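**Q** everything below, folded, please.
(chains A and B)
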2 protein chains.
Amino acid sequence: MKRRKMLKTAVTAVGAAAVASTFPKPGLSSNHKKWRLITTWPKNLPGLGTGAQYFADQVTKCSGGRLSIQLFASGEIVPAFESIDAVGAGTVEMGHGAPYYWKGKAPASQFVSNFPFGLTAQEYNAWYYYGGGDKLCDELYQDAFGCKYIICGNTGIQHPGWCSKEVDTLEQFKGLKMRMPGIGAEVMKRIGATVVNLPGSEVAAALASGTIDWVEWNNPYGEASMGFHRHAKYYYAPGWHECGTALELFVNSKAWNSLDDELKAIVIQCANSTNVVMLSEFQGRSGPVLQDFIKNHGVKIKMLSDEVLTKLGNVAGEVISELAAADKMSGKVLKSMAKFRTEQVAYSNTMETAFLNARNLPFKFPS
Amino acid sequence: MKRRKMLKTAVTAVGAAAVASTFPKPGLSSNHKKWRLITTWPKNLPGLGTGAQYFADQVTKCSGGRLSIQLFASGEIVPAFESIDAVGAGTVEMGHGAPYYWKGKAPASQFVSNFPFGLTAQEYNAWYYYGGGDKLCDELYQDAFGCKYIICGNTGIQHPGWCSKEVDTLEQFKGLKMRMPGIGAEVMKRIGATVVNLPGSEVAAALASGTIDWVEWNNPYGEASMGFHRHAKYYYAPGWHECGTALELFVNSKAWNSLDDELKAIVIQCANSTNVVMLSEFQGRSGPVLQDFIKNHGVKIKMLSDEVLTKLGNVAGEVISELAAADKMSGKVLKSMAKFRTEQVAYSNTMETAFLNARNLPFKFPS
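**A** Residues are numbered from 1 along each chain as shown, chains lettered A, B, ... in the order given. The predicted structure follows:
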């Protein structure tokens, strides 16, 4: 509490300074807002940090400085996991994070991130923009946090993890010490793994020393700098647990309502743009990094067996149903997403899946 | 020539009117630009027309009317296939279309659309934003048309077509009368089909009367209003021929350079936003429409056989290689895309494809 009060005082001072500061266009300074964007990532973390920075820069540019956004890394103003409170309280105006970080405060937020065996990034976007997702997410964030919700990025599908040994059967998952968060972790627990929670900074060392056997993080581009490929040889796939994780922008509701229509439109358009640009960064950069892992670092891709995936699917279905039954808003969000998913699975099977499989037929093609 | 001169005169008159018109903020009118966006689609055509309208509206909103964009349907100012000339000549400021429409003027533009057995929409975006695609496309459009190129939408994967009969073998494609454009059409010709070119307005009637056997258009959402499902029972998949067709915004270079940095940023951010929003519209709306075709109209999904797809892949590879060899810029664009595709196929196989297949395993899941 004391710290938050301190922060509020500091922000008021900064706010006053912003109003008084001089801008390149004289006479317009009173129309200029200087906002702070706190992120739950280190500055310029590949994909997540760079994506948030892209958003901040583009809003500043599009508004000609009428809404100038300065980005702060996790911990610079508040610890990452207190970001939603700081924004809800109006200590800072906006934040960028992953919805499932707030599951302890509002359980439905973990569905807003997507869920195991859920939607691909492309299907998730379809739900958000054309399946009522935007309204549902905003309803949740307004009620739970006093924040406006806007989608602002996607990691794409994430690898389920790195392991120093080969794990082929369900039996072999029993007792395996894993670093994995979210609904996926609950699923792994139920099939017998020991789930350990470790801050990002300690994960690589724990894997190197054998304190943990398995590390889940995100995808090749996001993991290259973490160095897991130096400590574990087997890189598992596919990413059943996070098949297209949505990232979020949350804006203090009062601050949001203080924006004129132009600035609101700019924030939404830049967030939509960041959505596709961030996913493209993960997708585009992960292709070559994966090849580098395989060709230059002796990494071996291990596909999870159908036996293991079927079990994980059944257990994930149970966990998700329980979460939806335990909380009214979770039930409402899952109902919308699950119905949408059923239609999308049928459509994607006919088209995207069948195409991706057809592309592997043995024909000759320019490369 | 005469018509173009006439158009130029007309535009000058409209341009003058725009400058003189009154705007809600008095005193600012001289800073306000009124631009015309010509599209190659009917107004509000599901997906393509609605997407272009979304772009125009968002730019107008974000700029507070400093750049107000009015949309014109195909034929309202110039015929669809003359749009790039009208924009290049400065008759109008901007246009929205599909790059392969300009293959007769600049063959490389058909690769800018994507190509058979090429990239998914998600992979295409990765190439465009993080694989050097944006610079290559812009280089082509500046040189060939005097236009700035910006990606502005994607149809996602398109169905290869509707047919009144079952076509299971390569032999059965011989002599089949098909309506299909682009590189896909050349591939079909080489396996023996008779390709017919028909304007959109005549396609459904030709299918109904048996003048043609097969119609390619785009996807369930884009096709619902065309009524093909009333004349043909078999809906083929997957979309080997257009696996994620990119749509474009082209802006007259001089007009583009007349924009200040804010307006340039707004146009780019709104085009990026339209890119993801349009794809989401096609993806989100196609799911339920496909179910409606199947459940309420007796439509049967027919998957192309591996024999047919392998042959199509081989012939597509030949056609694409020939096109790249025949034109320097086509070769340059294909080289970039084909290398990127090779990495992406490996990455998507490990992840997206394996996930989509895993999602079909027989586990119990909320629906």
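
**Q** which helix or strand contains residue A:152?
**A** strand A:147-154 (DSSP states H and E).

**Q** kindly report the same for residue A:281.
**A** Using DSSP H and E, residue A:281 falls in helix A:261-297.

**Q** and the following helix or strand past that helix, what does it pack against?
**A** Downstream of helix A:261-297, the first helix or strand assigned by DSSP H and E is strand A:300-303. For strand A:300-303, the elements it packs on are strand A:234-237, judged by 3 or more C-beta pairs under 8 Å, 6 or more residues apart in numbering or on different chains; DSSP states H and E. In short, each C-beta sits where N, CA and C put it, glycine included.

**Q** sheet partners, orientation included, of the strand it packs on?
**A** Using DSSP bridges, strand A:234-237 pairs in its sheet with strand A:161-163 (antiparallel), strand A:300-303 (parallel).

**Q** can you redo these as TSV with distance to residue B:338, mean neighbour count and mean pLDDT?
**A** Below are those laid out as TSV (distance: least, C-beta to C-beta, whole Å; neighbours: other C-beta atoms under 10 Å in any protein chain shown; pLDDT from 0 to 100):
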stretch	distance to residue B:338	mean neighbour count	mean pLDDT
strand A:161-163	31	26	97
strand A:300-303	23	15	97
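
**Q** what's the span of stretch A:84-92, first residue to last?
**A** Using C-alpha to C-alpha, to the nearest Å, one end of stretch A:84-92 lies 10 Å from the other.

**Q** cool, stretch A:341-357 as well?
**A** 20 Å.

**Q** what does stretch A:176-186 give?
**A** OK, stretch A:176-186 end separation, C-alpha to C-alpha: 14 Å.

**Q** tell me how far the closest residue to residue A:190 other than its chain neighbours lies from residue A:186.
**A** Leaving aside its sequence neighbours, residue A:190 sits nearest to residue A:315 (C-beta to C-beta, 6 or more residues apart in numbering or on different chains; 5.1 Å). Separation of residue A:315 from residue A:186 (C-beta to C-beta, to the nearest Å): 9 Å.

**Q** residue A:85 too?
**A** 24 Å.

**Q** same check, this time on residue A:101
**A** Per C-beta to C-beta, residue A:101 is found 16 Å from residue A:186.

**Q** likewise for residue A:307?
**A** 20 Å.

**Q** would you confirm that residue A:185 contacts residue A:195?
**A** Yes. With contact defined as C-beta atoms under 8 Å, residue A:185 counts as touching residue A:195 (4.7 Å).

**Q** what's the overlap in contacts for the two?
**A** residue A:178 (C-beta atoms under 8 Å, 6 or more residues apart in numbering or on different chains).

**Q** higher neighbour count, residue A:307 and residue A:186?
**A** Taking other C-beta atoms under 10 Å in any protein chain shown, residue A:307 and residue A:186 do not tie; residue A:186 has more neighbours (19 against 12).

**Q** please give the element, helix or strand, for the nearest residue to the more buried one once chain neighbours are set aside.
**A** Of all residues not flanking residue A:186 in the chain, residue A:319 sits nearest, at 5.1 Å (C-beta to C-beta, 6+ apart). Element membership for residue A:319, per DSSP H and E: helix A:306-326.

**Q** which residues does the helix or strand just after that helix contact?
**A** Using DSSP H and E, the next helix or strand after helix A:306-326 towards the C-terminus is helix A:328-348. Residues outside helix A:328-348 that contact it (C-beta under 8 Å, 6+ apart): A:106-108, A:110-112, A:115, A:118-120, A:123, A:126-127, A:131-133, A:136-137, A:140, A:143-144, A:320, A:323-325, B:220, B:283-284, B:286-288, B:290-291, B:356, B:359-360, B:365-367.

**Q** quick one: buried ones out of these?
**A** Buried by 16 or more other C-beta atoms under 10 Å in any protein chain shown: A:106-108, A:110-112, A:115, A:118-120, A:123, A:126-127, A:131, A:133, A:136-137, A:140, A:144, A:320, A:323-324, B:220, B:283-284, B:286-288, B:290, B:356, B:359, B:365-366, out of the contacts of helix A:328-348.

**Q** and residue A:136, what does it touch?
**A** A:332, A:333, A:336.

**Q** one more pass at 6 Å, please.
**A** A:333, A:336 (C-beta atoms under 6 Å, 6 or more residues apart in numbering or on different chains).

**Q** read off the pLDDT value for it.
**A** On pLDDT, residue A:136 comes in at 98.
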